[in-house]
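A.B. asks: just need the structure, nothing else, for what follows:
(one chain, ligands or ions: 1)
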Amino acid sequence: MTENVSNVSKEHAMNIMNVDYSTKIPNNVNLSEDRQVLKALEGWHPGYMNWWGDMGPEGFQQSLVYLRTAYSVDPRGWAKFDYVKMPDYRWGILLAPQEENRVIPFGEHFGEPAWQEVPGEHRAMLRRLIVIQGDTEPASVEQQRHLGKTAPSLYDLRNLFQVNVEEGRHLWAMVYLLQKYFGRDGREEADDLLRRRSGDADSPRMLGAFNEATPDWLSFFMFTYFTDRDGKMQLHSLAQSGFDPLSRTCRFMLTEEAHHMFVGETGISRVVQRTVEAMKAAGISDPNDVAKVRALGVVDLPTIQKKLNLHYTLSLDLFGSEVSTNAANAFNAGIKGRFHETQIKDDHRLQNSTYPVLKLVNGEIKRVDEPALTALNMRLRDDYTQDCVKGLLRWNKIISTAGYDFKLTLPNVAFHRQIGEFKDIHATPDGVLIDDATWNKRKGEWLPSTDDGDFIASLMIPVTEVGEFASWISPPKVGIDNKPGDFEYVKIET
Ligand code: BYC
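C.D. replies: Okay, the predicted model is just below:
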């Protein structure tokens, strides 16, 4: 008897770990026995394919791309690599295994069993957060759709498409939650996710940074480093959710997300590497001699800093206002927690604690203690900044190892903000408040100008020969799936 039970639960665990590819929509949530949701998802599928055709990567749809696909949610081995045409990629619904006896780890419901169904009183808030999360996924694909035609190598082209198909899968993940748990309005929201468009005047994507252009590959690397990292922080917070299906969904998404940030971090490393190598070979000692460096066909370090300033600050805006009742309500409700909530040593209710928030007080930037509950966006943003610093240390190491006295830095959080405490003022990257006239005169020193954009665009010449790389970027240290340098990551078919 005991043996039977354990066999059954082992089999159940296997089903959860391994993805069922026999259905049209691969999944580990037993869709074949959930007819209603399967029908809703199958109904949504053609619209998704149309969206992918219209707004997914431009061109290359018939090319064979060496992509990874999740076949399991076991962290010890979950992906397999193979050549796939993007429209044939198997976008699936994958949830991390259910943790037995999981409890809500924070808020007013702290310690109660996690919800397997939507708690009625928090339905609207939960739906809103799932819709916002879902909206960012297709938005990023739309922003990046033009980049294929200027890829600096087949390796990079493949990474772009890997990121794109997985963002598409993350959209599926949110659509599953909407369709399974939110009935008719969930289905309507799912349809709207395919209707909005990044940058569209009438029907834009929901959050600021997702309506900005990603005009070139340096922007793409900055985006995957800084903006995908906001994704990481938000997914970590949602992975703590008392609504267990959301928690499990986000936990698996984080596994895939790691590669996206790797693409960003190593992408910027490779650009910096190539720049300092070229400067050294040409005997240039001043990294600020922009004209001389640009003449070498590489991106000068000051321009890299400007791009970094732009993408970091756009990403800071994604954390919402420093002081936010929305954030407090979501925490109290047990819907959205803190980064690494379960590892934090406190009461997980935050009724009486405070958190220092950077605010504008009498024209000065000061730290002010605020109730910790309303300061949750600020706290998550601080965790984010700490996480961002790691990449800068690596990039600066490359610069200093080459013998150059130049440091990439994160600008002050008051610089170039559109959301929160500092949205109505101007500040320099060092955090010195300045008036409108000074800002207008000097902003080109800190943010990419049209000239900078034109220069970068002039470098964006596609390289499609196997094992070759554009002049402005170094080859990666290791290949994807340990493939050798001359591996044909994309078999281009036009
Ligand atoms: N742009 O109290 P507030 C990712 C709105 S990225 C436009 O300040 P709250 C990915 C806000 O909606 C992660 N509007 O902020 C990365 C609210 O409007 P309503 C995506 C903004 O609500 C790369 C009002 O201002 N996931 O996954 O505490 C590639 C006042 O809000 C913005 C999430 O964001 C903005 N930047 O926090 C692919 C997680 N900021 O409701 C994917 C889910 C604020 O008054 N979202 N507003 O009309 C959330 O947790 C929260 O909604 C936010 C905002 C953190 C975004």
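
A.B. asks: residue boundaries of the helices in this protein?
C.D. replies: Per DSSP state H, the chain carries helices over the ranges 2-17, 35-55, 123-143, 154-181, 183-195, 217-222, 228-239, 244-281, 290-294, 301-317, 325-332, 376-401, 436-446, 450-459.

A.B. asks: where does the stretch 351-494 of the chain come near the ligand, residue by residue?
C.D. replies: 377, 419 (C-beta under 6 Å from any ligand atom). No exception for glycine: its C-beta is placed from N, CA and C like everyone else's.

A.B. asks: now swap in the chain and tell me
C.D. replies: So far as C-beta under 6 Å from any ligand atom goes, the chain lies against the ligand at 129, 132-133, 136-137, 140, 167, 207-208, 227-228, 230-231, 234, 317-321, 324, 326-327, 336, 377, 419.

A.B. asks: what comes into contact with stretch 177-193?
C.D. replies: Residues from elsewhere that reach stretch 177-193 (C-beta atoms under 8 Å, 6 or more residues apart in numbering): 34, 37, 40-41, 44, 47, 117-118, 123, 127, 130-131, 134-135, 138, 171, 174-175, 245-246, 249.

A.B. asks: just the buried residues of these.
C.D. replies: 37, 40-41, 44, 118, 123, 127, 130-131, 134-135, 138, 171, 174-175, 245-246, 249 (16 or more other C-beta atoms under 10 Å).

A.B. asks: rank the helices of the chain by pLDDT, which is bottom?
C.D. replies: Ranked by mean pLDDT, the helices of the chain bottom out at helix 2-17, which scores a mean of 47.

A.B. asks: what's near enough to touch the closest residue to the ligand within the stretch 151-300 of the chain?
C.D. replies: The ligand sits closest to G231 of the stretch 151-300 of the chain, with a gap of 2.9 Å, by C-beta to the nearest ligand atom. When contacts are counted by C-beta under 8 Å, 6+ apart, G231 touches 136, 257, 260.

A.B. asks: so which of those is the closest to Y89?
C.D. replies: Y89 has its nearest neighbour among the contacts of G231 in H260, at 15.8 Å by C-beta to C-beta.

A.B. asks: so how many other residues sit close to the nearest residue to V131 once chain neighbours are set aside?
C.D. replies: Leaving aside its sequence neighbours, V131 sits nearest to E189 (C-beta to C-beta, 6 or more residues apart in numbering; 5.1 Å). Around E189 there are 20 other residues, counting by other C-beta atoms under 10 Å.

A.B. asks: report how many residues lie close to the nearest residue to D486 once chain neighbours are set aside.
C.D. replies: Nearest residue to D486 in three dimensions, chain neighbours excluded: G467, at 3.9 Å (C-beta to C-beta, 6+ apart). For G467, the count of nearby residues is 16 (other C-beta under 10 Å).

A.B. asks: what's the pLDDT at A70?
C.D. replies: 86.

A.B. asks: ok, it to the ligand distance?
C.D. replies: 17 Å (C-beta to the nearest ligand atom, to the nearest Å).

A.B. asks: for that residue, list each beta-bridge partner.
C.D. replies: A79 (DSSP bridges).

A.B. asks: which ones are touching L360?
C.D. replies: 366, 414, 421-422, 425.

A.B. asks: and of these, the nearest to Q98?
C.D. replies: E421 (39.9 Å).

A.B. asks: that closest one reaches K359, doesn't it?
C.D. replies: Yes - using C-beta atoms under 8 Å, E421 is in contact with K359, at 5.3 Å.

A.B. asks: alright, calling it a day.
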